[in-house]
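A.B. asks: sequence? don't have it. structure:
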């Protein structure tokens with residue numbers, strides 16, 4: 001199959017240039033002006049549109065197996081494709097937790113049949129599964145995931161000796177959720193004394209506080225420096241934590257890296273008043289000062305990656321009182337739109353969005369032949385129209401849970417086409433029912 005994309009404004013490696021691009025089967029075969037239309041199966045005129053590499057989301061929770069009433073690999077990868085995300089890395093706190101090689105491979109088998117997007121699943125670390133962790137294949141598994149603060153599921157790793165052993169024993173990337181459990185418990189009790197079981201959601205960022213995040217992330221950084229581990233800290237939420245990271249060396253040379261999620265760049269604690277549990281995430285959305293600090297660190301390259309931490313729950317679950325309502329929300333369908341809106345509002349350049357959402361995840365995880373628009377690379381591509389508006393509504397939300405924290409939001413850009421391994425998977429509002437997702441491979 002040959003597809004020719006004509007007259008696109010290609011955004012790649014800090015440049016924007018007008019060009020044609022030829023896809024042959026699953027690869028980008030040619031980039032250049034006036035590529036011949038001879039023997040081409042399909043021509044797409046991209047005049048006035050921008051062509052980006054497919055987004056690589058390094059942190060999602062697609063809820064399969066075991067929690068599929070909230071979402072599943074098929075439903076959430078479909079939503080991801082509609083949002084321009086062509087590859088995802090899913091977390092191990094499904095049911096059962098992916099903490100043995102057998103359980104991890106079970107997830108890959110499901111995705112091979114059901115995923116619209118390219119996929120990888122992280123191996124989960126616990127207080128007592130070091131032997132299993134060390135069996136993980138660096139060639140076809142994204143990394144090891146550790147919860148240093150309990151979030152969803154029962155995967156809290158709180159034994160210091162175990163932690164040090166994991167950090168010392170594996171050369172694989174270790175991705176961590178950093179919140180200090182003792183601080184959170186103490187803060188919860190303080191608010192329970194004041195409010196009983198009726199704690200308002202406006203207290204969320206005070207319970208899962210700056211202190212809770214910083215204690216945990218600073219310890220993780222310290223341990224990584226001590227052991228030489230390859231550490232990646234997920235979803236930074238405070239300005240204070242950004243001081244733990246550096247921007248004076250290239251990403252390829254960094255042993256300690258950081259991610260920020262779309263919601264921490266978008267919302268503040270002021271939004272709890274109107275959005276309530278629908279913006280209840282762990283770590284919590286915090287203050288305007290934190291949001292500003294995260295933006296500053298993102299733009300000066302202390303923060304390396306933008307991701308979603310997509311974590312759907314049902315409306316019913318989210319509508320419970322604060323203490324019972326689970327943390328997390330669906331984001332993959334709208335994350336790129338949110339960032340394009342920030343471009344429109346002069347917060348970030350298009351080239352920087354592509355760097356943080358496409359290039360850097362590929363570099364950081366050493367993903368083979370993805371994340372860039374280059375000849376010989378996999379044809380994972382997203383075409384966007386920066387002059388088409390649409391409003392998020394119940395009718396166009398594709399998440400299985402059926403809601404979005406952006407419902408009612410008008411976006412002033414639209415994703416028009418998404419290609420996965422050269423296949424046109426999404427076009428003008430419709431996801432093809434054909435599945436062309438592949439297991440991600442890593443150059444390690």
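C.D. replies: Structure's in. What do you need? Keep in mind the model is a prediction, meaning the values are calculated, not measured.
A.B. asks: show me where the stretch 251-400 of the chain has helices.
C.D. replies: Secondary structure of the stretch 251-400 of the chain (DSSP state H, counting those that start in this stretch): helices located at 262-266, 272-275, 288-299, 315-318, 335-344, 350-354, 360-365.
A.B. asks: The longest one - what's its average pLDDT?
C.D. replies: pLDDT averaged over helix 288-299 equals 98, rounded to a whole number.
A.B. asks: Out of the helices of the stretch 251-400 of the chain, flag the one nearest residue 389.
C.D. replies: Checking the helices of the stretch 251-400 of the chain against residue 389 by C-beta to C-beta gives helix 335-344 as the closest, at 10.4 Å. The C-beta positions use only the backbone N, C-alpha and C, and glycine is treated the same way.
A.B. asks: which other helices and strands contact the host helix or strand of residue 111?
C.D. replies: Assessed by DSSP states H and E, residue 111 sits inside helix 101-114. Judged by 3 or more C-beta pairs under 8 Å, 6 or more residues apart in numbering; DSSP states H and E, helix 101-114 is in contact with helix 73-82, strand 118-121.
A.B. asks: And the average pLDDT for the last one is what?
C.D. replies: Okay, so that is strand 118-121. 98.
A.B. asks: And stretch 267-285, by the same measure?
C.D. replies: 98.
A.B. asks: Just put the helices and strands packed on helix 101-114 in CSV and tack on mean neighbour count.
C.D. replies: As requested, those are arranged in CSV below (neighbours: other C-beta atoms under 10 Å):
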stretch, mean neighbour count
helix 73-82, 27
strand 118-121, 26
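A.B. asks: Looking at these, spot the one closest to residue 327.
C.D. replies: Here helix 73-82 is closest among the helices and strands packed on helix 101-114 (C-beta to C-beta), at 17.1 Å.
A.B. asks: Can you name every helix or strand that the closest one contacts?
C.D. replies: With contacts taken as 3+ C-beta pairs under 8 Å, 6+ apart, helix 73-82 sits against strand 55-60, strand 85-90, helix 101-114, strand 414-420, strand 423-427, strand 430-431.
A.B. asks: Make CSV from these and add mean neighbour count and distance to residue 287 to it.
C.D. replies: Formatted as CSV, the helices and strands packed on helix 73-82 follow (neighbours: other C-beta atoms under 10 Å; distance: least, C-beta to C-beta, whole Å):
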stretch, mean neighbour count, distance to residue 287
strand 55-60, 29, 23
strand 85-90, 30, 29
helix 101-114, 16, 37
strand 414-420, 25, 31
strand 423-427, 21, 36
strand 430-431, 14, 38
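A.B. asks: how about these, which one is nearest residue 369?
C.D. replies: The nearest among the helices and strands packed on helix 73-82, by C-beta to C-beta, is strand 85-90 at 11.3 Å.
A.B. asks: Can you say which of the helices and strands packed on helix 73-82 is nearest to residue 248?
C.D. replies: strand 55-60 (22.9 Å).
A.B. asks: Please work out the angle formed by the directions of the helix holding residue 111 and strand 85-90.
C.D. replies: 160 degrees (axes from the mean of the first three to the mean of the last three C-alpha atoms, to 10 degrees).
A.B. asks: Could you check the angle helix 101-114 makes with helix 73-82?
C.D. replies: In terms of direction (the same axes, to 10 degrees), helix 101-114 departs from helix 73-82 by 60 degrees.
A.B. asks: List of residues touching helix 101-114?
C.D. replies: For helix 101-114, contacts defined as C-beta atoms under 8 Å, 6 or more residues apart in numbering pick out 64-65, 72-74, 77, 90, 92, 94, 96-98, 119, 121, 123, 132, 135-136, 141, 435, 437, 439.
A.B. asks: Now do the helix or strand bottoming out on mean pLDDT in the chain: which elements does it pack against?
C.D. replies: Using mean pLDDT, DSSP states H and E, helix 160-169 stands out as the lowest-scoring helix or strand of the chain, at a mean of 93. Contacts defined by 3+ C-beta pairs under 8 Å, 6+ apart place helix 160-169 against helix 130-133, strand 144-147, helix 210-227.
A.B. asks: Buried ones in the last one, by neighbour count?
C.D. replies: Buried residues in helix 210-227, counted by 16 or more other C-beta atoms under 10 Å: 210-218, 220-221, 223-224, 227.
A.B. asks: what's the answer for the first one, then?
C.D. replies: Of all the residues in helix 130-133, those buried under the rule 16+ other C-beta under 10 Å are 132, 133.
A.B. asks: how far out from the middle of the chain is it?
C.D. replies: Centroid separation for helix 130-133 versus its chain: 25 Å, with C-alpha atoms, centre = their mean, to the nearest Å.
A.B. asks: From the contact counts, what lies against it?
C.D. replies: helix 160-169.
A.B. asks: you'd agree residue 389 is up against residue 414?
C.D. replies: Yes: Residue 389 lies in contact with residue 414 (C-beta atoms under 8 Å); the separation is 7.2 Å.
A.B. asks: how long is stretch 86-102 from one end to the other?
C.D. replies: 26 Å (C-alpha to C-alpha, to the nearest Å).
A.B. asks: ok now it, how far from the chain's centre?
C.D. replies: For stretch 86-102, the distance to the chain centre is 14 Å (C-alpha atoms, centre = their mean).
A.B. asks: Also stretch 46-55?
C.D. replies: 20 Å.
A.B. asks: What of stretch 320-332?
C.D. replies: How far stretch 320-332 lies from its chain's middle: 17 Å, per C-alpha atoms, centre = their mean.
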